[in-house]
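Chemist: Here you go, sequence then predicted model.
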Amino acid sequence: MEEESPKPVCLIILGMAGAGKTSFTRRLAGKITNGSKPYLINLDPACREVPYPANIDIRDTVNYKEVMKQYGLGPNGGIVTALNLFSTKFGQVVDLIEKAGKKHKYCIIDTPGQIEVFTWSASGTIVTETLAASCPTVVVYVMDTVRSVSPVTFMSNMLYACSILYKTRLPFIVVMNKTDVVDNSYAVEWMRDFEAFQEALDADGDGEGEGATYVGNLTRSMALALDTFYADLKSCGVSAHTGQGIDEFFKLVDDAAEEYEKDYKADWLRMRAEKLEEQRRKEEELKKGDKSDPDTVIDKKKLIDEVACGRELSDMYLKHPANESSSDDEGEETAPQETDDKPEDVAAFQEFIRKHVKPNNTEHKT
Ligand SMILES: Nc1nc2c(ncn2[C@@H]2O[C@H](COP(=O)(O)OP(=O)(O)OP(=O)(O)O)[C@@H](O)[C@H]2O)c(=O)[nH]1
């Protein structure tokens, strides 16, 4: 039997806006394992600068400001659509990631600022599923420890983390970032000891009894329900600024990668086999149908390019994702343009719709 070449452990970095995803990715970028730094991917089409040497950068492929113009979208719609377009070619990205496994032990994927762009979009699902079916994949949820000191905010953050865990069905790590400002011990205690959480809630004026507020009661019930989630949760405190806690984080990553092999891989391989079979069946059906149907045109143009990790950082900084000649302000919605749709973009978008928009949404997984 052919021996499989090693595949990198892929870390999908998620978190609320400002939690420190990019700073954390930048910190992880310096980790040297077996003589190599991690393979780095930026999936945020709207960031101005990528402060680490990305091997693959979505901004080299899709110009989100042009997407906003061409489809008449606002900034969030532009980011979602840019990611949708990119995700249609994510198979090519995975090929590059698999090849990178010969040299890199880890592959780190930084996601867009607004978490819902990834967690509530078709493209986020496509990216996650394609990765998980090919490489050991771990979801890393970055939480802002400073902003979560209120018990109600903490519980909301954990509830969000919990929803992502059950949605992705992958090993999961909660990273409590910014411990250089506030130590994460309060969060560890709240997760371990419900009474301590209850006391903090009382001290906040949201506790039990006559003075209890609706939000206090809700928080208490939710925190009780989250006990099961906390029981097996991998978490650690880190500071992306000082590097504190990074070694412990990588230990958790290695445990999570083992967990993937043991508990998740078989399911993902089965799902991939089913999808391939379904795709084969659909292609056969298409072949039998009208071959001149323009919707079946598949864009052969290579949209994804890899950049040598050692390239000059200045290359990354100098290129702004917007078209330099573009005069629109960031955040300004513009009317749809009727004329200059590029044929390759149209073909890619048609292909995206053909592949992923299913009648009645019967196969959409949540
Ligand atoms: N003190 C401290 N500040 C941090 C740390 N990590 C990030 N920050 C700060 O938090 C802010 C947000 O950091 P980013 O890395 O841009 O966060 P992000 O989640 O990538 O943000 P978006 O992608 O724009 O949503 C910046 O001002 C960082 O300097 C940390 O470990 N300690």
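Modeler: Yes, it's here.

Chemist: Could you pull out the buried residues of stretch 227-247?
Modeler: Of the residues in stretch 227-247, those with enough neighbours to count as buried (16 or more other CB atoms under 10 Å) are 229-230, 233-241, 245-246. Using the backbone N, CA and C atoms, a C-beta is placed for each residue, glycine as well.

Chemist: Out of those, name the ones that lie in helices.
Modeler: When DSSP state H defines the helices, the subset of the buried residues of stretch 227-247 inside them is 229-230, 246.

Chemist: Closest one to the ligand out of these, please.
Modeler: Out of these, the one with the shortest distance to the ligand is Ile246. That distance is 10.6 Å, counting by CB to the nearest ligand atom.

Chemist: And the closest one, how far from Gln92?
Modeler: 31 Å (CB to CB, to the nearest Å).

Chemist: What parts of this protein come near the ligand?
Modeler: When proximity is defined as CB under 6 Å from any ligand atom, the chain approaches the ligand at 15, 17-23, 113, 177-178, 180-181, 239-241.

Chemist: Among these, which are located in strands?
Modeler: Among the residues of the chain next to the ligand, the members falling in strands (DSSP state E) are 15, 177.

Chemist: what two of the residues of the chain next to the ligand are the furthest from one another?
Modeler: The widest separation within these, taken as CB to CB, falls between Gly113 and Asp180 and amounts to 21.7 Å.

Chemist: List the residues that contact whichever residue of the stretch 51-200 of the chain sits closest to the ligand.
Modeler: Distance from the ligand to each residue of the stretch 51-200 of the chain (CB to the nearest ligand atom) is smallest for Gly113, at 3.0 Å. Counting by CB atoms under 8 Å, 6 or more residues apart in numbering, Gly113 makes contact with 17-18, 21, 44, 46-47.

Chemist: Please report phi then psi for it.
Modeler: As for Gly113, its main-chain torsions (degrees, to the nearest 10) stand at phi -50, psi -50.

Chemist: could you check the distance from Ser123 over to Leu85?
Modeler: 8 Å.

Chemist: count of neighbours near Gly77?
Modeler: Residues lying near Gly77 (other CB atoms under 10 Å) number 15.

Chemist: Longest helix in this protein, please.
Modeler: Of all the segments of type helix in the chain, defined by DSSP H, the longest one is helix 265-288.
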